[in-house]
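sequence first, then the predicted structure:
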Amino acid sequence: MKSKSNPASSLACETCPIHHAANLLKLGVDMEDWDFVVALAGNPNTGKSTVFNALTGLKQHTGNWPGKTVARAEGGFEYNRQRYKLVDLPGTYSLLSTALDEEIARDFILFGRPDVTVVIVDATRLERNLNLVLQILEITNRVVICLNLMDEARRHGLQIDHRRLARDLGVPVVPTAARYGEGLDPLVQTIADMATGRTVGKPHRIQHLSPNLKQAVLKLTKQIETVFPGVPNARWVALRLLDGDKRIAQAIIQGELGDLNDGVQERSAKIRDIGVEAV
Amino acid sequence: MDEKDELTSDDILETAKTLRWESVGNIHERLVEAIYTDAARIADRAVTRPDEEPRFDLDRTIDRLVTSRIWGFPLMLLLFTLIFWITISGANVPSKIIASFLLDKIYPVLKTGALGIGMPLWLSGLLIDGMYLSTAWVVSVMLPPMAIFFPLFTLLEDFGYLPRVAFNLDKFFKRAGAHGKQALSMMMGFGCNAAGVIATRIIDSPRERLIAIITNNFALCNGRWPTQILIATIFIGTLVPAHLAGLISALSVVAISLLGVFLTFAVSWFLSRTWLRGEVSTFSLELPPYRPPRILQTIYTSLIDRTIFVLWRAIVFALPAGVLIWLSANVHIGEQSIAEQLINILDPVGLLLGLNGVILLAYILAIPANEIVIPTVLMLTVMATGLHGMGSGAGVMFELESEAATLSILTSGGWTLLTAINLMLFSLIHNPCSTTLFTIYKETGSWKWTVVSALLPIGLGFAMTFTVAQVWRLIVGMIRT
């Protein structure tokens, strides 16, 4: 898993572990001494930072309001003598917009290729949270759903069939109440199973596309797969291209879904542009 | 791109472009629609709702109250006044205990110890009178109020109140031509402006983000709360009978922070009508459920994350500042020490602003961290007014175990109520600390906007203190005649 060579520049190498580590290095993740990288994603205020603290033993400040984490926080834990690096991503409702926090989260999941992406889901607002889950499932199949805030769901009298949810989504679902340390052991076990490949996800893919959009996606997906064989989320890339996502188009032109640091810089440049106009 | 067949990546983009033109309607909307449909279906299959909604919904009842048009703002003021009142009246006793311990007990021991091992006078002066005393100052002046204020504020945050404040303030931001989410970055700014500047990343449009960045400084930060609380306690609390002192001091701190909020709106309004013109974006703000705060955990994390963090930063910056202050007070060029000369140079400007040379010099020394303004002011005052000579020991400092003693130091340094009020104003309205400025540079990538963020508030601060001083003197003059 440790980086041994230069970043591979071809998409064909996308799937091999060396490329993956190189990309993570580019994202600023220090891969020294880590066996797996686990990303924490989720809507704002679902308890990502609480789960992060509980797993890493760190005491990162948590606050009960959306948008507290705008940058990435990193920590780690060890399980079964393997070391996991945990990356807490900014909370977002979707991965479709150009806000900097969404870009950070999207870029990390898409280009950083974490071994497991844990999506923290608010059990009391399942439907809205699933919007993000479905988008992430388009990008990667190495997903574990952490159905958090089960304590609040119980308080509101909600019953959630997490087995059924797991079947429908095609990935493991672990109910937790992270504030009270509930369900964290099974969560770690499930993350480990996914990371080591003992569990393989067969994720739900977005179904209700209109017929002509479906056809357009199909056509584009085929082309992407021909030019970049082995890319696991060709359909998502196709959807993004059809949506006019410039960031993805740029990644296609450069022939690699690599270069990531410019997320922040690009935004700074935009601000500078305004500055120039304003003078 | 070694293994391309007949197709290339350019072809892909070309196809995408053609398909986008061919497809009827908005692809983005259709995609979002598809995602929503799937999400609704899956959620519906997994969730069983209770047959009937509970008749009494506590969350909704609280929300109706705290975001109400009539009660929202009074409740907000009441809550914040309460927090400051608890802080101010609670900090007195521990402040005195710590001060008397560090200054009355430890300091003489260190001094005699240094004398005993034959340490040269200039070295013990530098180490003990300079470094140790400045650190002791920071700890005794700042630790108690912070140890009370930060946990209280964090509990409020943990409970879920801050987004409601943002909700209440949203319409004002909109009217000021700024993004409603600026309320959230402002809330972060009440903790630390550097963090507040980073928090503006949640704002999508660069124009509105710049407004939020430039005005974040008007949210009183950790480093400035202690200044406000202390000066309010010493000068404003002592104006009224003792049983009202805590409340009145608290109210004056609330007034200053409200002025900060008002300036945030005013400057946002100004910027959005001059250099940063544009449309206001809309957004949806989620009001999270109220959660019972975990009291012990909150106290622990706020003590570690905020109190100790701020204190540490203050000490780190106070140590070299202590050395600088001691050196400037003890190295003489001609007749006067460097500090005296600097203060003399700055005094005319300071007095014009209703401040004095000591305060201005303290603010120059405190550019790295606002936390050390008050300790620096006190030390400079003590040294500059010659309340003690360095050789005869920092005698006055020992007795600094009550507000009355601090008051006597400051009044002998020529302080009046006007000085105190203008210091509170200037503490609110001046350049951000160097950490925040660096963060602003990193976030905007622009020197120009960094310079604007530094100069705009300091210009405003000068204008504000100058005006207050002139009006004050006019009124005082009229009363006297």
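Structure received. Numbering: from 1, shown residues only, chains lettered A, B, ... in the order given.

neighbours around B:H28, how many?
Neighbours of B:H28 under the rule other Cβ atoms under 10 Å in any protein chain shown: 15. C-beta: built from backbone N, CA, C; applies to glycine.

which residue packs closest to it, ignoring adjacent ones?
Of all residues not flanking B:H28 in the chain, A:D243 sits nearest, at 5.2 Å (Cβ to Cβ, 6 or more residues apart in numbering or on different chains).

OK, contacts around that neighbour?
Counting by Cβ atoms under 8 Å, 6 or more residues apart in numbering or on different chains, A:D243 makes contact with A:96, B:27-28, B:31.

what's the pLDDT at it?
Per-residue pLDDT puts A:D243 at 82.

next one: it from A:W236, what distance?
Distance of A:D243 to A:W236, given as Cβ to Cβ, to the nearest Å: 10 Å.

student question: in chain B, what's the helix or strand with minimum average pLDDT?
The weakest-scoring helix or strand in chain B, judged by mean pLDDT, DSSP states H and E, is helix B:395-398 (a mean of 35).

show me the shaky parts of the chain.
You didn't pick a chain, so chain A it is. Within chain A, the ranges that satisfy pLDDT under 70 run A:1-32, A:58-72, A:98, A:255-279.

try chain B instead
In chain B, residues with pLDDT under 70: B:1-6, B:23-25, B:51-56, B:141-142, B:279-286, B:305-306, B:310, B:314, B:368, B:383-406.

and A:V188, how many neighbours does it have?
18.

what are the ranges of the helices in chain A?
Along chain A, the stretches classed as helices by DSSP state H are A:17-26, A:48-56, A:100-111, A:126-139, A:150-155, A:162-169, A:184-196, A:211-227, A:234-242, A:246-253, A:262-278.

can you redo those as TSV with distance to B:E157?
Below are those laid out as TSV (distance: least, Cβ to Cβ, whole Å):
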stretch	distance to B:E157
helix A:17-26	33
helix A:48-56	13
helix A:100-111	19
helix A:126-139	23
helix A:150-155	18
helix A:162-169	30
helix A:184-196	24
helix A:211-227	43
helix A:234-242	36
helix A:246-253	34
helix A:262-278	26
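
between these, which one is closest to B:T200.
helix A:100-111 (9.2 Å; Cβ to Cβ).

can you tell if the closest one touches chain B?
Yes. For helix A:100-111 and chain B, the contact criterion (Cβ under 8 Å from any Cβ of the partner chain) is met by A:100-101.

before we move on, the earlier item: nearest to A:Y84 among the contacts of A:D243?
A:L96 (28.8 Å).

residue contacts, that closest one?
A:L96 neighbours (Cβ under 8 Å, 6+ apart): A:102, A:135, A:243, B:28, B:31-32.

what about it, distance to A:T176?
If you go by Cβ to Cβ, the gap between A:L96 and A:T176 works out to 27 Å.

same question, B:T307
Taking Cβ to Cβ, one finds B:T307 at 30 Å from A:T176.

likewise for B:I248?
To A:T176, B:I248 is 48 Å away according to Cβ to Cβ.

neighbour count: these two, which is higher?
Shown here are B:I248 and A:T176; by other Cβ under 10 Å, A:T176 has more neighbours (26 against 18).

got the phi/psi numbers for the more buried one?
phi -140, psi 160 (degrees, to the nearest 10).

grab the nearest non-local neighbour of residue 34.
Reading this off chain A. Closest residue to A:W34 apart from its sequence neighbours, by Cβ to Cβ, 6+ apart: A:K85 at 4.1 Å.

that's the wrong chain, I wanted chain B
A:H208 (4.4 Å).

before we move on, what about B:L75?
That would be B:V66: by Cβ to Cβ, 6+ apart, it lies 5.6 Å from B:L75.

was I right about that neighbour contacting B:Y161?
Yes. Checked against Cβ atoms under 8 Å, the pair B:V66 and B:Y161 is within contact range at 7.1 Å.

sounds good, over and out.
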